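**Q** sequence and computational prediction follow.
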Protein chains: 2
Amino acid sequence: MHIQVIPVEGLPIIHPGDLLTEMICERVTFDDGDILCLASSVYSKARGFIRKQDEIVASAEAVRIAQKTHEDPRFVQAILDETTDVILEDPFILSETVTGHVGVRAGVDHSNIEDGMIILLPPDPMGAAAGLRDEIARITGKEVRVIITDTCGRSFRRGQTGVAIGWSGMTAIRDFRGDHDLFGHVLEITEEAVVDEVAGFANFIMGESNNGVPAVVFRNCARWTGHDNLHFSRDEDIIRKALCKK
Amino acid sequence: MHIQVIPVEGLPIIHPGDLLTEMICERVTFDDGDILCLASSVYSKARGFIRKQDEIVASAEAVRIAQKTHEDPRFVQAILDETTDVILEDPFILSETVTGHVGVRAGVDHSNIEDGMIILLPPDPMGAAAGLRDEIARITGKEVRVIITDTCGRSFRRGQTGVAIGWSGMTAIRDFRGDHDLFGHVLEITEEAVVDEVAGFANFIMGESNNGVPAVVFRNCARWTGHDNLHFSRDEDIIRKALCKK
């Protein structure tokens, strides 16, 4: 069966308080088992996870780092407020958030929002995905799987790609442990980060800039089994340990 | 227009000398502009980029590293033969290949091949993609874009995802430089690694293990403009520099 990938067209610019789930359900007819990918920026705007930059007071730490990154100290403060561990301070802040997600500027952004405003990542992206799933079930009667996406850079390779920061109705990892290859060997590579593979293609469809397609629906995708242990712990992460020795 | 993602079903196990492009064209009806994603392992098997492990003589270097990785020294030698720079020796070999690609074990694998055999990455994956594109045009008269995929791990996040190692008919990076967001700001994040986003979703459809779907066709994907500078140079890559200081 072919997979269909359906951009949710025609969503207006989202503001705090907008009934985002209703607005999506008005613009796409869901089937049971669909996967909805939603850009975290749009979710955060609808739910009010935004800040006014001129209401932020920068700490001495934010001022110090801002001199290295050439950013507004209040913007850096917003990043530090979302951060549980700073991995790199410059040339850009790379940090861990409370959910275990590691990203540039802790996912804090001032694109696609009014001047002087800052968008934060949803504080509970797993809860956000589960909540959307419940709301869609209530509105449409359909069982829809949900991924909340963000964009991140990578090591070794240039360019951003979409990744999953929250998900519901699926596991993050497809786990092949115990499976065999075409020749009957037990597989060595046993864990595939399928939520990130789906989120990445959703990001391709969303585009960036002014395309304005923050939601994408995947139809006829298989289900899988696995686990949700997507983030390396500090001790497991060889690259992070090397960065922190810097 | 909806995007369709079409697994190429029914390909048999591929052997050296098989007419892979013809076999794919017999199993899918291409449209102009389609993107074909093909697993590098299958391309390498068809073109004979494989080795017999017992014909490899391990160097002292391979023996030394194999003691740390608990692998066969001849397998490690096959990895070193594909490597231009070893970034990490253990717990797994992370190295750069002649194309600038950085991957675990230089992409050398002994899954999905007969016992005692090793699959290498195609030595010229860009040429491989261009060649497939030309062959498909000759066989079908259609202009098809091509991505050769491999799977890689990432920093900070567990699990493998599909990535592009060769591509033709597109640029690796979609470049938004000079574009504006919904509010007219010039975008800060300007480069999206779209070949990896497409390759990642292809990998999700391919599955691993014994699913046997090494080729996936994407229909109705937009074209984009950008550049092919996908691999960071050593000096640009903050994470690599940190690893090499270890």
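**A** Yes, it's here. Only a predicted model underlies this, so the values are computations on that prediction, with no experimental measurement involved.
**Q** for the rest of this, base every contact and every neighbour count on C-alpha atoms.
**A** Will do.
**Q** give the rounded mean pLDDT of whichever helix or strand residue A:161 is part of.
**A** According to DSSP states H and E, residue A:161 maps onto strand A:161-168. On average, the pLDDT along strand A:161-168 is 97.
**Q** what about it and chain B, touching?
**A** Yes. Under the criterion of C-alpha under 8 Å from any C-alpha of the partner chain, strand A:161-168 makes contact with chain B via A:161-162.
**Q** list the beta-bridge partners for the residue nearest to residue A:200 when sequence neighbours are not counted.
**A** Closest residue to residue A:200 apart from its sequence neighbours, by C-alpha to C-alpha, 6 or more residues apart in numbering or on different chains: residue A:162 at 3.9 Å. Bridge pairing for residue A:162 (DSSP bridges) gives the partners residue A:151.
**Q** coming back round to it: so what touches the strand holding residue A:161?
**A** Residues outside strand A:161-168 that contact it (C-alpha atoms under 8 Å, 6 or more residues apart in numbering or on different chains): A:101, A:124-130, A:133, A:145-153, A:195-197, A:199-204, B:192-194, B:196-197.
**Q** ok, stretch A:104-119 next?
**A** So stretch A:104-119 is contacted by A:41, A:44-45, A:49-54, A:75-76, A:78-80, A:82-83, A:92-97, A:120-121, A:150, A:152-153, A:209, B:181-183, B:185, B:187-188 (C-alpha under 8 Å, 6+ apart).
**Q** buried stuff in whichever strand or helix holds residue A:132?
**A** Following DSSP H and E, the helix or strand that holds residue A:132 is helix A:125-140. Neighbour-count burial for helix A:125-140, counted by 16 or more other C-alpha atoms under 10 Å in any protein chain shown, picks out A:125-126, A:128-130, A:132-136, A:140.
**Q** so which of those residues is the closest to residue A:172?
**A** Nearest to residue A:172 among the buried residues of helix A:125-140: residue A:126, at 10.9 Å, using C-alpha to C-alpha.
**Q** now do the contacts for that closest one.
**A** Per C-alpha under 8 Å, 6+ apart, neighbours of residue A:126: A:165-168.
**Q** hmm, back to that, what's the burial count for the residue nearest to residue A:200?
**A** 28 (other C-alpha atoms under 10 Å in any protein chain shown).
**Q** quick one: terminal-to-terminal distance for stretch A:170-190?
**A** Start-to-end span of stretch A:170-190 (C-alpha to C-alpha, to the nearest Å) is 17 Å.
**Q** what of stretch A:113-124?
**A** 21 Å.
**Q** centre of the chain to stretch A:141-158, how far?
**A** Relative to its parent chain, stretch A:141-158 has a centroid offset of 5 Å by C-alpha atoms, centre = their mean, to the nearest Å.
**Q** buried residues in it?
**A** A:142-158.
**Q** what sits opposite residue A:218 in the beta ladder?
**A** So, taking DSSP bridges as the rule, residue A:218 has residue A:5, residue A:35 as bridge partners.
**Q** so which strand or helix has residue A:86?
**A** strand A:83-88.
**Q** can you name the next helix or strand after that strand?
**A** Following strand A:83-88 in sequence, per DSSP H and E, is strand A:94-97.
**Q** any idea how far the helix or strand following that following strand is from the chain center?
**A** Per DSSP H and E, the first helix or strand lying C-terminal to strand A:94-97 is strand A:102-104. Strand A:102-104 sits 10 Å away from the centroid of its parent chain (C-alpha atoms, centre = their mean).
**Q** list the buried residues for strand A:102-104?
**A** Under 16+ other C-alpha under 10 Å, the buried positions of strand A:102-104 are A:102-104.
**Q** domain parsing for chain A?
**A** A:1-47+A:125-245, A:50-120 (the TED database).
**Q** low-confidence ranges in chain A?
**A** Filtered on pLDDT under 70, chain A yields the residue ranges A:1, A:187-189, A:208-211, A:245-246.
**Q** and with 80 instead?
**A** Along chain A, segments meeting pLDDT under 80 span A:1, A:112, A:176-189, A:208-212, A:238-239, A:241-246.
**Q** what's around the closest residue in space to residue A:47 that isn't next to it in sequence, how many residues?
**A** Nearest residue to residue A:47 in three dimensions, chain neighbours excluded: residue A:16, at 5.6 Å (C-alpha to C-alpha, 6+ apart). Using other C-alpha under 10 Å, residue A:16 is surrounded by 15 other residues.
**Q** is residue A:16 in a helix, a strand, or coil?
**A** Classification of residue A:16 using DSSP: H, G, I helix; E, B strand; the rest coil returns coil.
**Q** quick one: secondary structure of residue A:112?
**A** Three-state call for residue A:112 (three-state DSSP): coil.
**Q** could you check how far it is from residue A:172?
**A** 28 Å.
**Q** chain B: which of the buried residues of strand A:102-104 is nearest?
**A** Nearest to chain B among those: residue A:102, at 6.5 Å, using C-alpha to the nearest C-alpha.
**Q** do I have it right that that closest one meets residue A:86?
**A** No. Contact status for residue A:102 versus residue A:86: not in contact, 9.4 Å apart, counting by C-alpha atoms under 8 Å.
**Q** common neighbours of those two, please.
**A** A:94-96.
**Q** narrow the residues you listed to those that are buried.
**A** By neighbour count, with 16+ other C-alpha under 10 Å, those hold A:94-96 as buried.
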